[in-house]
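[1] output the structure for:
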Amino acid sequence: APLEATAKFCSECGTPTSGTTAPPAPVDPTPVEKPEERRIVSAVFIDLVGFTPLTESMDSEEVRRMLTIYFDRAREIVEHFGGVIDKYIGDAVMAVWGAHTAHEDDAERAVRAALEMVDAVYGVGEELKLPRLRARAGGLSGEATVGGDGNAVTGLIIGDTVNTASRLQSAASPGQVLVGRSTRDLAAKAIEFEAVGELDLKGKEGLVEAFRAVRIVSGRGGSRRSDGLVPPFVGRADELRLLKDNLHSAQRDGRLRLVSIVGQGGIGKSRLVDELWSYVDGHNDTVYRHHGRSLPYGENAGFWAIGEMVRQRCGITEGESEHETRTRLRTALAELIGETDDRQWMEPKLEKLLGISDAVSERAELFAAWRMFFTGVAQRGPVVMVFEDLHHADDGMLDFIEDFVDLARNTPISVVTLARPELL
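    Residues are numbered from 1 along each chain as shown. As a prediction, this is how the structure comes out:
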């Protein structure tokens, strides 16, 4: 029976009526529109050159597969550099930095991503046996209105900055990345640009000054940039792409990847790694870098490369006192290794590696402790370990790498070895 309005208890079951929860109000299915605001953004457009004639003779499933790979690569690259895909327009992609989360180097991130996407399309063409597949990109940094109805992440992005970025992309030649002066000025510390001149862009009343992004010449914000001229990086694009792909595969799949590069001295092995570091510096995600070199002679030369990597991670400089070395090592272990017993077990074995302990341990235990150190780092994010001059390494160092690659295979680590042919 229905309850009377003044009833304090149910007449049938005695349940109190006071304090009962009112039925929830109906939910308005209309999505809440994001408030509009003015923001400084960096917009990038990229599209495939000659897409229509290229696909006229292709089966629709082949076209779909190509676009799926292309869009997936574009999304992955944009996200690696901290941007978001705003929209797909046919075979074109619009990406933006600063509309949702702002970084002081958004313009640099945008240009790095544009260069990487153009190169990635070339790689897709090789992968799918489409040698004519090329892309071009255009970008600009400036004020835009963000919000309102549109992308679920960024809202609608409107402004002359976006329109001009699209026009710059249309004016670029296949394989080129064109940007406006604002983007060039903001990214010039890390990226080399070449003046193209003033362009008469469709829909623009005046001429627009444009610059071609040539290459990355340093780490983020100009870090590690040489004081002198940096020679062009020529003839190693495929090898660099392989290193990048292996890093992303390790990060995506959570499995170790190994690349071994063997060649005569002076052919550019070290330069290849420098280019990889410059690429890694621009990533939105933290990549934990380690670089060790095998020495041809000297005390403790056998495992010098791995010891050098441990010093880098712990912030230990060569020549520091034993007390300072131990302190820094313990601090690093406390951050990387959660279990106290594991830390206490590892510490003397790492001290032996660093030459500050004479503790006796079986080689298998030493290898296990050193391996646990780097797998601990990999719990925080993807790791890159570069072993340089491996032709100088002794059998012990080579055994460690073989053991490491086998037993740490289920961790996001990219291992790169550089050596001369004497190693073989």
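[2] list the contacts of stretch 248-266.
    With contact meaning CB atoms under 8 Å, 6 or more residues apart in numbering, stretch 248-266 is reached by 76, 80, 239, 242-243, 246-247, 269, 272, 285, 382, 405, 408-421, 423-424. Every residue, glycine included, has its C-beta placed from N, CA and C.
[3] tell me where the stretch 151-300 of the chain is predicted with low confidence.
    151-155, 224, 226-230, 298-300 (pLDDT under 70).
[4] show me which of the contacts of stretch 248-266 are buried.
    Neighbour counting by 16 or more other CB atoms under 10 Å classes 80, 239, 242-243, 246-247, 269, 272, 382, 408, 411-420 among those as buried.
[5] which of those residues fall within helices?
    80, 239, 242-243, 246-247, 269, 272 (DSSP state H).
[6] and the residues you listed, which is closest to residue 109?
    residue 80 (9.3 Å; CB to CB).
[7] quick check: closest non-adjacent residue to that closest one.
    residue 283 (5.5 Å; CB to CB, 6 or more residues apart in numbering).
[8] before we move on, what about residue 145?
    residue 158 (4.8 Å).
[9] thought residue 147 was touching the one you found, still the case?
    No: the criterion here is CB atoms under 8 Å, and residue 158 misses it with residue 147 at 9.4 Å.
[10] so those two - more neighbours on which side?
    Taking neighbours as other CB atoms under 10 Å, residue 158 and residue 147 compare with residue 147 leading, 18 against 15.
[11] the more buried one: which element?
    Take DSSP states H and E as the rule and residue 147 turns out to sit in strand 135-151.
[12] Provide the strand pairings for that strand, with the direction of each partner.
    strand 34-48 (antiparallel), strand 155-158 (antiparallel), strand 177-180 (parallel) (DSSP bridges).
[13] show me what contacts residue 348?
    357, 359, 361.
[14] give the burial count for the last one, as a bare number.
    By the other CB under 10 Å criterion, the neighbourhood of residue 361 contains 15 residues.
[15] that one and residue 351 touch, don't they?
    No: the criterion here is CB under 8 Å, and residue 361 misses it with residue 351 at 10.5 Å.
[16] separation between the residue nearest the centre of the chain and residue 157?
    Among the residues of the chain, the one closest to the centroid is residue 283, at 3.6 Å (CA atoms, centre = their mean). Per CB to CB, to the nearest Å, residue 283 is found 24 Å from residue 157.
[17] verify the stated contact: residue 296 with residue 392.
    Yes: counting by CB under 8 Å, residue 296 does reach residue 392; the two are 4.5 Å apart.
[18] that concludes my questions; thank you for your assistance.
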